[in-house]
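A.B. asks: Take this sequence and fold it.
(2 chains)
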Protein chains: 2
Amino acid sequence: MLPFDKLLPTDKTSAQPVYQQIANAMIRHIQSGLFTPGMALPGTRELAGLLNLHRKTAIAAYDELAAQGWITAIPRKGFNVTHILPEVKPRRWAQKPQDLSFREKMAAPFYILHKTGFPAPALLPIPPRLIIDDGHPDDRLAPIDLLGREYRGRLKSAAVRRQVSASLVAGSPRLREALVSWLAGTRGLQAQVSNILVTHGAQMSIYIAANLLLKAGDAVIVAEPGYFVANEVFHHLGANILRVPIDEHGIDVDRVEKLCRQHPTRMLYVIPHHHHPTTVTLSPERRMRLLELAEKFNFAIVEDDYDYDFHYSSSPYLPLASGNHGNRVVYIGSFSKSLSRSIRVGFMVGPEDFTAQAVYLRRLIELKGDNNMEDTLAALILNGDISRHLKKVNKIYETRRNHLCQLLDTRLSGIVSYRKPSGGMAIWTSFAPHIPLPDLTAKALRQGLYLSDTRLYNTHQTNYNATRIGFASLSEPEMEEAIDILAHCAQ
Amino acid sequence: MLPFDKLLPTDKTSAQPVYQQIANAMIRHIQSGLFTPGMALPGTRELAGLLNLHRKTAIAAYDELAAQGWITAIPRKGFNVTHILPEVKPRRWAQKPQDLSFREKMAAPFYILHKTGFPAPALLPIPPRLIIDDGHPDDRLAPIDLLGREYRGRLKSAAVRRQVSASLVAGSPRLREALVSWLAGTRGLQAQVSNILVTHGAQMSIYIAANLLLKAGDAVIVAEPGYFVANEVFHHLGANILRVPIDEHGIDVDRVEKLCRQHPTRMLYVIPHHHHPTTVTLSPERRMRLLELAEKFNFAIVEDDYDYDFHYSSSPYLPLASGNHGNRVVYIGSFSKSLSRSIRVGFMVGPEDFTAQAVYLRRLIELKGDNNMEDTLAALILNGDISRHLKKVNKIYETRRNHLCQLLDTRLSGIVSYRKPSGGMAIWTSFAPHIPLPDLTAKALRQGLYLSDTRLYNTHQTNYNATRIGFASLSEPEMEEAIDILAHCAQ
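C.D. replies: Purely as a prediction, here's the structure:
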């Protein structure tokens, strides 16, 4: 309820009768849009109590307003603001955006996103029937029921225990401890609790790491094409983004070395498994070279290994962070990929002093994360549910990858080219130049199929005319239907 | 499982027998700490399969390792790395923090937090029996069961529907729409969906707003004493923090005007209800003055109204953002206060173009929030559960406030002074100079009572020797026990 006593001030010493003062104040509020059409008003007894007046005064005010047509009496219910009012102009935000010079700073940082006009599926007026995403897990396969039960139970017991966790911004102690053994057992990563910061996912880890490492003007090396949201972070921080080509063995390390000789380089951002967007895996030789270069030229490596848990053709390579990294590597992972996008929990592993600073920065961004969800994940790690889930979906995703390759070979033959990825959840698919993706995706959308036109990857004056076809989240019949629509639209 | 095939490369053309190559590689991994003491190794059949070798070769390798004492055969279980090993030195992170010149930037920003040595309750070796917090809701009273059930159900159905929400970084559409009517009905705030950004709480809203408004060197006006975590954000951004005294009617607006005449001012941060820490409410006259000054001197007001829903002595004042704000006000609220600290959802309301930029920045920080929790809250707003909850706890918290005042008057008479707040969840309590808070809180902790010594408020060369005593989260018997301990320790 609105604070009517504050909104309807009365002055008994005034020449104007109090009932009239109330009526006039109400009219002003209706005219300003604060009291909206149809809004219920306090009953006369309630209003009299709120304003500390005789009830007769409240009745007189409402009689006046009803007589003027501002309010309507609803039998046995009370009074509402009349639905049809003469020319009400509610105060709105952003009526005059042009005269707001105090926001002059804002225009600059976010130029990249304005370049694409293709809407995200959730913002389309009619939701598409089929969605090819750029490599998401299939939420239908996730142990959501287990997780939901565990979460709910922990929420209840946390409330009863009156758990004090204001200082747990680094993540719940249970999850950080579970991650120590999980990271050692799956990735050979010898971290301690003090090396680990729990975040809301890989993106927050990138944001925090880059904020700590990069000042305006600092050089950061990225692969081209690359993960554009990470590049936006570096751009937002005013960094000098140096782009290095990527081939089938990963980022071109000779070019990295050449750049380092030309520019003092502060940071290199690398996705070692299934680079985004091109899905290549960084070779062991280049991993060694990158570590040597980091040492030689004194830069930090931010290793975004979000896809480590999904490798089909062979086993994955151990992270750079598990090698002889000389405390120069910050390692990033996420449960949004390995479980479900509904789970917004990831982690960042780094040198102890770096992690301590990262914890402070995270506290400025958000006092603490969802410690209850973090405890839930810890329980699922410790009882083996996550390992079992990964084993199960790796088999399913491998089958789906193979199925997509077969569909591309048979139904889009001559139209697309691609390299089969050794893991991950998507295939980077190049379309023939005579089939521009913006046209194709617009046509497909009219048939109920959403596919991003990935113009966002077309940075640096290159039109790749390529897109990521996510295979993990679609069943085989769904994928067949989707590829058939593309084949039809490409004709 | 570690990628044993990658870790144990074999070369059949080498002069060294393959079993010996495997054994040597394993020894290296044990020595480096990658294979940890007690770690289970693959069985001989599994290892042979992984490495594509005859099983006899795997058996020979394990025999060699067992003979050397590196591994132990566990009957009917397989092989483990031996528990007691000679001098294993695992590679650890942060062994040589001194030679990490690439992190030179980090030391600067986070100076404030280093000033206090008093640990947070969750980090104490023995959890305290009683905790006086600085003004948290009582999670035991929150509709956690309703919320947990709703959350779990939505998690399941979202997975089934394969909801695509990658673009919902601004918040779930359901919650943003629910907030439009909630903000109008409770605060007279005429916002539209495009004015609203859902965040993880007030802190994230402050962080995002300040990032958009402040460049290094920009002047920001805050009250002194003030909310130190907000000040840390401004400091982190390199802003010039101008401190203005606060009295019983709120921030001193004459001093604000004076400062604006001296410095071009970009932003003012204000907590209009129950200022943190002193709990005063900003008077209506000063609200008007602030809006006039913002217009006159062209600065933005960031209005952190986290405590609007908790007002006992009278009804609350409408937000500055509901007045004639000329698009200069950014309004901040949170469900972590109004429901439970387990719920990490808040919101920020601002001009449309500002909010659009805030959405982009939030996407760099985190691809999206917990849309499932956001939908859960929307359901609880729409079905009235949140209103009912607020009505209930307002009565309880009012009683607890009065009870605490009575305890302070009777049991700590002559030791403390305070002003009874008109709402909120804490009383700003000044202790007599002969009772220094660091001593008192250390003594109390030995008796099982945690109370922050709030040295964090002692910025700006002032020792307030005052602390916030949160009354909302303690039952009356708990509060009596807590105050008795303080009285005892103050003797």
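
A.B. asks: distance between the longest helix along chain A and the chain's centre?
C.D. replies: Using DSSP state H, we find that the single longest helix of chain A is helix A:385-411. Centroid separation for helix A:385-411 versus its chain: 25 Å, with CA atoms, centre = their mean, to the nearest Å.

A.B. asks: and if you look at stretch A:25-41?
C.D. replies: Worked out by CA atoms, centre = their mean, stretch A:25-41 lies 39 Å from the chain centre.

A.B. asks: Also stretch A:443-451?
C.D. replies: Centre to centre, stretch against its chain (CA atoms, centre = their mean), the figure for stretch A:443-451 is 24 Å.

A.B. asks: hmm, back to that, quick check: which helices or strands does the longest helix of chain A pack against?
C.D. replies: Secondary-structure packing of helix A:385-411 (3 or more CB pairs under 8 Å, 6 or more residues apart in numbering or on different chains; DSSP states H and E): helix A:335-338, strand A:416-418, strand A:426-431, helix A:476-490. For glycine as for every other residue, the C-beta is placed from the backbone atoms N, C-alpha and C.

A.B. asks: Need these in TSV (columns: distance to B:Leu213).
C.D. replies: Below are these laid out as TSV (distance: least, CB to CB, whole Å):
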stretch	distance to B:Leu213
helix A:335-338	30
strand A:416-418	45
strand A:426-431	38
helix A:476-490	44
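
A.B. asks: tell me the angle the longest helix of chain A makes with helix A:476-490.
C.D. replies: For helix A:385-411 against helix A:476-490, the angle between stretch directions is 40 degrees (axes from the mean of the first three to the mean of the last three CA atoms, to 10 degrees).

A.B. asks: what is the mean pLDDT for helix A:385-411?
C.D. replies: What helix A:385-411 shows for mean pLDDT is 95.

A.B. asks: sorry, back to before: could you export the helices and strands packed on helix A:385-411 as JSON lines, including mean neighbour count and distance to chain B?
C.D. replies: Output for the helices and strands packed on helix A:385-411, formatted as JSON lines (neighbours: other CB atoms under 10 Å in any protein chain shown; distance: least, CB to the nearest CB, whole Å):
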{"stretch": "helix A:335-338", "mean neighbour count": "23", "distance to chain B": "8"}
{"stretch": "strand A:416-418", "mean neighbour count": "18", "distance to chain B": "23"}
{"stretch": "strand A:426-431", "mean neighbour count": "22", "distance to chain B": "14"}
{"stretch": "helix A:476-490", "mean neighbour count": "18", "distance to chain B": "9"}
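
A.B. asks: Need the ones you listed in a markdown table (columns: mean pLDDT).
C.D. replies: As requested, the helices and strands packed on helix A:385-411 are arranged in a markdown table below (pLDDT from 0 to 100):
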| stretch | mean pLDDT |
| --- | --- |
| helix A:335-338 | 86 |
| strand A:416-418 | 97 |
| strand A:426-431 | 96 |
| helix A:476-490 | 96 |
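
A.B. asks: just to revisit the earlier point, got the angle for the longest helix of chain A vs strand A:426-431?
C.D. replies: Going by the same axes, to 10 degrees, helix A:385-411 makes 20 degrees with strand A:426-431.

A.B. asks: helices or strands next to the helix or strand of chain A with the lowest mean pLDDT in the packing?
C.D. replies: Taking mean pLDDT, DSSP states H and E as the measure, the helix or strand of chain A with the lowest value is helix A:144-161, at a mean of 79. Judged by 3+ CB pairs under 8 Å, 6+ apart, helix A:144-161 is in contact with helix A:371-382, helix B:144-161.

A.B. asks: And the average pLDDT for the helix or strand following that helix is what?
C.D. replies: Counting by DSSP states H and E, the next helix or strand C-terminal to helix A:144-161 is helix A:173-187. In this model, helix A:173-187 carries a mean pLDDT of 90.

A.B. asks: between helix A:173-187 and helix A:371-382, what angle do the directions make?
C.D. replies: Using the same axes, to 10 degrees, helix A:173-187 lies at 40 degrees relative to helix A:371-382.

A.B. asks: now what about helix A:173-187, what contacts it?
C.D. replies: Helix A:173-187 has contacts (CB atoms under 8 Å, 6 or more residues apart in numbering or on different chains) with A:170, A:189-193, A:196, A:198, A:305, A:308-309, A:318-319, A:321-322, A:345, A:347, A:349, A:374-375, A:377-379, A:381-382, A:386, B:1-2, B:36, B:39.

A.B. asks: Give the buried residues for that helix.
C.D. replies: If you call a residue buried by 16 or more other CB atoms under 10 Å in any protein chain shown, then helix A:173-187 has these buried ones: A:173-180, A:182-187.

A.B. asks: coming back round to it: quick check: PyMOL command selecting the buried ones in the contacts of helix A:173-187.
C.D. replies: The PyMOL command for the buried members of the contacts of helix A:173-187 (criterion: 16+ other CB under 10 Å) is given here:
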select buried, (chain A and resi 170+189+190+191+196+198+305+308+309+318+319+321+322+345+347+349+374+375+377+378+379+381+386) or (chain B and resi 2+36+39)
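
A.B. asks: So which of the contacts of helix A:173-187 sit within strands?
C.D. replies: Counting by DSSP state E, these place A:196, A:198, A:347, A:349 in strands.

A.B. asks: I'd guessed the third one sits against A:Val198; true?
C.D. replies: Yes - the pair A:Phe347 and A:Val198 passes the contact test of CB atoms under 8 Å, sitting 5.4 Å apart.

A.B. asks: Between those two, which contacts overlap?
C.D. replies: With CB under 8 Å, 6+ apart as the test, A:Phe347 and A:Val198 both reach A:171, A:179.

A.B. asks: got any ranges where the stretch 101-250 of chain A has weak pLDDT?
C.D. replies: A:101-125, A:159-167 (pLDDT under 70).

A.B. asks: try it again with 80
C.D. replies: Within the stretch 101-250 of chain A, the stretches with pLDDT under 80 are A:101-127, A:156-168.

A.B. asks: contacting residues for A:Asp305?
C.D. replies: So A:Asp305 contacts A:187, A:271-273, A:319, A:321, A:331-333 (CB under 8 Å, 6+ apart).
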